[in-house]
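Enquirer: can't give you the sequence, but here's the structure:
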């Protein structure tokens, strides 16, 4: 195993240990020792990656905000085909796959259980990143549609889809959720497109 793979694996295990602990304890109750025991790594490995649990928490949230936006933006840019029924909105499908693989984190985010990061602050951070990352073909943008309104509503709408899914304990598949979102979006298709 390469050094990079070992580093990524240890980080993933430490993050997983932290998120599992967060489902059982409050942030203040969790110690570095708890995370070390749960992850199976030594204290030196933890401190090689993170200053403390506060640094770990902030990096998890920063990475997740970036990843959320990247999944949607990259899928739109690449216009990749995915092996599911035609007509399903690909960015939604890719996002639901990601959320499904990170259920513990999203349960915590949606319930505002990560100190300093409420559901609303997560949504605001995603909204800000979308506006930084996504260009729009302005000549195709409806003149009466406010861009700030559009990004704000779409960000919160996608998080609401995820929130609904969490209330169902993620019982439906990512394909089902993407299909439902596609039906919702197709009720009034936009006449503008995103560009790089």
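Expert: The structure has been received and is ready for your questions. All values reported here derive from a predicted model rather than from experimental measurement.
Enquirer: residue contacts, the residue most central in space within the chain?
Expert: Centroid-nearest residue in the chain, with Cα atoms, centre = their mean: residue 68, separated by 3.8 Å. Residue 68 makes contact with 95, 98, 126, 129 under the criterion Cβ atoms under 8 Å, 6 or more residues apart in numbering. The way it works is simple: take the backbone N, C-alpha and C, and place the C-beta from them, glycine included.
Enquirer: at 7 Å what do you get?
Expert: Residues in contact with residue 68 (Cβ atoms under 7 Å, 6 or more residues apart in numbering) are residue 126.
Enquirer: so which helix or strand takes in it?
Expert: helix 53-78 (DSSP states H and E).
Enquirer: C-terminal to that helix, what's the next element?
Expert: helix 90-101.
Enquirer: which strands or helices does that following helix pack on?
Expert: Packed against helix 90-101 by the contact rule (3 or more Cβ pairs under 7 Å, 6 or more residues apart in numbering; DSSP states H and E) you find helix 53-78, helix 174-185.
Enquirer: swap the cut-off to 10 Å and go again
Expert: helix 53-78, helix 103-110, helix 147-167, helix 174-185 (3 or more Cβ pairs under 10 Å, 6 or more residues apart in numbering; DSSP states H and E).
Enquirer: what about the chain, any weak spots by pLDDT?
Expert: 1, 79-86, 135-139, 187-196 (pLDDT under 70).
Enquirer: mind giving me the domain split of it?
Expert: Listed by automatic domain parsing, the domain ranges of the chain are 1-50, 58-195.
Enquirer: ok, back up a step: winner for burial among the helices and strands packed on helix 90-101?
Expert: Mean neighbour count, computed with mean count of other Cβ atoms under 10 Å, is highest for helix 103-110 among the helices and strands packed on helix 90-101, reaching a mean of 19.
Enquirer: okay, the angle between it and helix 147-167?
Expert: Angle of helix 103-110 versus helix 147-167, following axes from the mean of the first three to the mean of the last three Cα atoms, to 10 degrees, is 120 degrees.
Enquirer: now do helix 103-110 against helix 90-101, angle only.
Expert: Going by the same axes, to 10 degrees, helix 103-110 makes 100 degrees with helix 90-101.
Enquirer: which residues sit against helix 103-110?
Expert: Contact with helix 103-110 is made by 15-16, 18-23, 27, 60-61, 63-65, 68, 98-100, 102, 113-114, 117-119, 121-123, 159-160, 162-163, 165-167, 169-170, as judged by Cβ atoms under 10 Å, 6 or more residues apart in numbering.
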